[in-house]
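S.K.: need a 3D model of the following:
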Amino acid sequence: MAIEGVAIRAAVPGDFAAWLPLWHGYNAFYGRAGETAPAVALTAATWERFFDGMEPMEALVAEAGGGLVGLAHIIFHRNTGLVGPTCYLQDLFAAPDVRGQGVGRALIEGVYARARAAGARRVYWHTHESNAVAQRLYDQVAERSGFIVYRQDL
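M.R.: Here you go, the predicted structure:
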């Protein structure tokens, strides 16, 4: 069952109060809540970056029923394998009460449209190996690259 009238658009500064619960929900989904939640200063800096023309970060939101029901945060960057920019979908989240209703797919399609408009020829993202529900959607809308992500916090 798909949500009627879901619209994907760029976030605007006035969306902060409606975006914040989605941001908290996204972080809680990955175990970053309570003492491990992002600091208030990090949340504020993240939000400000979306509207700073010198930053390569942008936020899209899904709107339905008069409120925000999802978010997608993207970062444009250079790539040694492509001449134009590449778009990294860093965060994707649909509110729990609308999951399975097409919000995630609509957000991904919105990211694809924004990336095309920016001249990007690739969009990519990561998900946790335990996120089987999301992977069912991702397998329908993108190609699994086979790459494994390594990281080291410094």
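
S.K.: who touches stretch 27-37?
M.R.: When contacts are taken as C-beta atoms under 8 Å, 6 or more residues apart in numbering, the neighbours of stretch 27-37 outside the stretch itself are H24, P38, F93, H128. Just so you know, the C-beta spots here come from the backbone N, C-alpha and C atoms, and that holds for glycine as well.

S.K.: only the buried subset of those residues, as a PyMOL command please.
M.R.: To isolate the buried subset of those in PyMOL, counting by 16 or more other C-beta atoms under 10 Å, use the following:
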select buried, resi 24+38+93
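
S.K.: can you tell me which of the contacts of stretch 27-37 lies closest to L154?
M.R.: Closest approach to L154 among the contacts of stretch 27-37 (C-beta to C-beta): P38, at 17.8 Å.

S.K.: picking that back up, in helices, which of the contacts of stretch 27-37 appear?
M.R.: Secondary structure assignment by DSSP state H places H24 of the contacts of stretch 27-37 in helices.

S.K.: tell me which of the contacts of stretch 27-37 has the lowest pLDDT.
M.R.: Least confident entry in the contacts of stretch 27-37, by pLDDT: H128, with 89.

S.K.: how about that residue: what's its closest non-neighbour residue?
M.R.: Leaving aside its chain neighbours, H128 sits nearest to Y30 (7.1 Å; criterion: C-beta to C-beta, 6 or more residues apart in numbering).
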